[in-house]
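Student: okay, predicted coordinates and the sequence, questions at the end:
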Amino acid sequence: MFYRAAATLSLLALLSACGQPQEETTGDGLPETVTWSEHIAPLVYRECTPCHRPGHAGPFSLMTYQDASRRAQLLAAVTESRFMPPWPADIGYSTFVGQRHLTNAEIALFKRWAVQNAPEGDLSQAPPAPVYPEGSTLGKPDFVVKIDKPVQIPGDNEEHFWIVKIPFELPRATYLKAVEYVPGHRRIVHHMNGHLINYEPGKKRDVYGGIRHVDPLLMGYAESYQRLDLPNDDGSYPALTTSVMNYLPGMQPVVYPQGIGGWPIATKGVFLLRDIHYAASPVDTQDAAYLNLFFSPDPPERPTQEIQLGTLGISEIEPALIIPPDTIMTFRTQAMVMQDISLLTLNPHMHLLGKSYWAYAITPRSDTIPLIRIPKWDFRWQYNYTFPKMLKLPAGSTVYVEGVFDNTRNNPNNPFNPPRTVREPEGNMRTTDEMFQLIITYLPYKAGDENISLSGK
């Protein structure tokens, strides 16, 4: 089993053993006075500022004492309710890289700090504010490719689906380690599936021809590709490398250890943002995304592979994903693994009616392997959940997935009032339709994979 064990270390006991002065505490074990410098800043910098910093996803910055102190009551409230930090997965069921979590004692620190009017404390004892790379969550990119013509999104309160072409030319052919998609307008980008087109030498004179974005629902994919000028000069189509980048709310790109994952990239090519989905907007706006490219000196020794269960995947959903109004329903899907594989990353996916999510595997020897459990589904936070080390699934194991959907008035996220019948998408991926998926990124198993760290440590 892969349960996380909790370990507790008494800081007071450690200080006492070393002959150091003890910090005054109250009967509940908390410091008598909670300060930003000694207690709150380390927690904020660990759990909050990766998102709450200038130009990033959080709606306000928490990089300084002034930022945090004016929101002390808010921080106490959202941490006590566990609304923040956002981590929907149950950490008692399975452990992942980068999981965000506050202990009960840490939550109590936020509350006491707010009650005490957010004392600053001795700034000489405060940790330095973290330094983040500008415009990236991964670090300084090797190359940046930008949309040269922003996508214009009408303010008609309708969802829109676009195909976007981002052409590029590089000094030389090389290999990609990762591609980071950075939306220009985070508030309205719902999801994006991104692919890579490499043009062979002499096959495409001008990769910058054609228009930059089209609505495939208006003209179909075949005409869309022609208007984007994707074919080679002789009319044939180049090879498409799928899923070099994907985006959902809360999702960050995954970088695996050297030799695992990655793709060749030619000197001329196109990044094809196929099925980029914009949420409804009441005002005209635009989106000018860019891509951070991270190169690798060597070809990938072990290209990653994917299994997709459920909607648009290899396994049927039982019963069919049709949710009548005023019902709470449970749906299941399953698939057998036909070879030994090493799991890297899981990506569960549902829409607004999602209530809970659970995935596990049962081996041919009837051992249960926990994968992920999300007791309270949150559409706004859909992560790539990466295991700390590769997780082996033996051949013949069956992966089981169970999802509960709430199509009642009691669901505050229900897009319809009164509720109406909701089903799987039919020719589109509107948020008001539903999906039930588990995407598994894996490698064919090799002896010793269980010992390979995926955390970068």
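Tutor: Done, it's in.
Student: distance check, the spatially most central residue of the chain against residue 91.
Tutor: Centroid-nearest residue in the chain, with CA atoms, centre = their mean: residue 251, separated by 1.6 Å. Counting by CB to CB, to the nearest Å, the separation of residue 251 from residue 91 is 19 Å. Yep, even glycine has a C-beta here, placed from its N, CA and C like the rest.
Student: and residue 277, by the same measure?
Tutor: 30 Å.
Student: likewise for residue 337?
Tutor: If you measure residue 337 against residue 91 using CB to CB, the figure is 25 Å.
Student: and these two? Which one has more around it.
Tutor: Per other CB atoms under 10 Å, whichever of residue 337 and residue 91 has more neighbours is residue 337, with 21 against 15.
Student: so the more buried one sits right up against residue 396, yeah?
Tutor: Yes - with contacts counted by CB atoms under 8 Å, residue 337 reaches residue 396, the gap being 7.0 Å.
Student: the strands in the stretch 201-350 of the chain, which residues?
Tutor: Here the stretch 201-350 of the chain has its strands, by DSSP state E, counting those that start in this stretch, at 213-214, 240-247, 263-265, 268-278, 285-287, 290-296, 305-310, 322-323, 327-336, 341-350.
Student: for residue 248, which non-adjacent residue is closest in space?
Tutor: residue 382 (4.1 Å; CB to CB, 6 or more residues apart in numbering).
Student: hang on, the one you found is in a helix, isn't it?
Tutor: No - remark: residue 382 does not belong to a helix; assigned using DSSP: H, G, I helix; E, B strand; the rest coil, it is coil.
Student: my guess is it contacts residue 351. True?
Tutor: No - using CB under 8 Å, residue 382 is not in contact with residue 351; the gap is 10.1 Å.
Student: ok, residues contacting the host helix or strand of residue 406?
Tutor: Residue 406 belongs to strand 398-407 when assigned by DSSP states H and E. For strand 398-407, contacts defined as CB atoms under 8 Å, 6 or more residues apart in numbering pick out 307, 309-310, 323-337, 348, 350, 353-362, 371, 393, 414, 419, 422, 434, 436, 438, 440.
Student: could I get that strand in CSV with only the CA atoms?
Tutor: Taking C-alpha atoms only, strand 398-407 is exported to CSV below (Å, rounded to 0.1, in the frame of the first residue of the first chain):
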residue,chain,number,x,y,z
THR,A,398,-7.1,-3.7,-13.7
VAL,A,399,-7.5,0.0,-13.1
TYR,A,400,-10.9,0.9,-11.7
VAL,A,401,-12.2,4.5,-11.7
GLU,A,402,-15.4,5.7,-9.9
GLY,A,403,-16.9,9.1,-10.2
VAL,A,404,-19.9,10.7,-8.5
PHE,A,405,-21.8,13.5,-10.2
ASP,A,406,-24.3,15.9,-8.5
ASN,A,407,-26.9,17.3,-10.8
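Student: state the mean pLDDT of it.
Tutor: Regarding strand 398-407, the rounded mean pLDDT is 98.
Student: try stretch 268-283
Tutor: In this model, stretch 268-283 has an average pLDDT of 90.
Student: in that stretch, what's buried?
Tutor: 268-281 (16 or more other CB atoms under 10 Å).
Student: of these, just say which sits nearest to residue 85.
Tutor: Using CB to CB, residue 279 comes nearest to residue 85 of these, at 23.4 Å.
Student: does that closest one touch residue 186 like I think?
Tutor: No - assessed by CB under 8 Å, residue 279 is found out of contact with residue 186, at 10.7 Å.
Student: what distance do you get for residue 173 to residue 200?
Tutor: Residue 173 is 10 Å from residue 200, by CB to CB.
Student: which neighbours do these two share?
Tutor: Here residue 173 and residue 200 share the contacting residues residue 266, scored by CB under 8 Å, 6+ apart.
Student: the closest residue to residue 328 other than its chain neighbours - how many residues pack around it?
Tutor: Distances taken as CB to CB, 6+ apart place residue 406 nearest to residue 328, at 5.0 Å, with adjacent residues excluded. If you count neighbours by other CB under 10 Å, residue 406 ends up with 21.
Student: begin at 83 from here
Tutor: Fine by me, first position is 83 from now on; the one you just mentioned is residue 488.
Student: do you know how far residue 488 is from residue 464?
Tutor: Counting by CB to CB, the separation of residue 488 from residue 464 is 17 Å.
Student: same deal with residue 443?
Tutor: Distance of residue 443 to residue 464, computed by CB to CB: 21 Å.
Student: cool, and residue 197?
Tutor: Residue 197 is 34 Å from residue 464, by CB to CB.
Student: can you list contacts of stretch 500-510?
Tutor: Stretch 500-510 is contacted by residues 243, 299, 393, 399, 402-408, 435, 487, 489-491, 498, 514-518 when judged by CB under 8 Å, 6+ apart.
Student: make CSV out of the buried residues of stretch 350-365 and add distance to residue 149.
Tutor: Listed next are those as CSV, based on distance: CB to CB, whole Å:
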residue, distance to residue 149
350, 45
351, 41
352, 41
353, 35
354, 39
355, 34
356, 38
357, 37
358, 32
359, 32
360, 30
361, 28
362, 31
363, 28
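Student: can you name the two of the residues you listed that are farthest apart?
Tutor: Spatial extent of the buried residues of stretch 350-365 (CB to CB) is set by the pair 350 and 362 at 36.5 Å.
Student: quick one on the thing from earlier: just want to know which of residue 197 and residue 464 has more residues nearby.
Tutor: The residue with more neighbours, out of residue 197 and residue 464, is residue 464; 21 against 12, by other CB under 10 Å.
Student: state the pLDDT value of that one.
Tutor: pLDDT recorded at residue 464 is 87.
Student: give me every residue that touches it.
Tutor: Neighbouring residues of residue 464 by CB under 8 Å, 6+ apart: 330-333, 429-431.
Student: now the buried members of these.
Tutor: Among those, the ones that count as buried by 16+ other CB under 10 Å are 330-333, 429-431.
Student: with pLDDT added, can I get those in JSON lines?
Tutor: Output for these, formatted as JSON lines (pLDDT from 0 to 100):
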{"residue": "330", "pLDDT": "78"}
{"residue": "331", "pLDDT": "70"}
{"residue": "332", "pLDDT": "69"}
{"residue": "333", "pLDDT": "77"}
{"residue": "429", "pLDDT": "94"}
{"residue": "430", "pLDDT": "96"}
{"residue": "431", "pLDDT": "94"}
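Student: now, among these, which is nearest to residue 152?
Tutor: The nearest one, if we look at these relative to residue 152 and count by CB to CB, is residue 332, at 25.4 Å.
Student: can you show me the helices along this protein?
Tutor: Using DSSP state H, the helices assigned to the chain run over residues 93-99, 123-129, 147-151, 154-162, 186-197, 298-309.
Student: check which helices and strands the shortest one is in contact with.
Tutor: When contacts are defined as 3 or more CB pairs under 8 Å, 6 or more residues apart in numbering; DSSP states H and E, helix 147-151 packs onto helix 123-129.
Student: for the helix it packs on, buried residues please.
Tutor: For helix 123-129, a neighbour-count test (16+ other CB under 10 Å) marks 123, 125-129 as buried.
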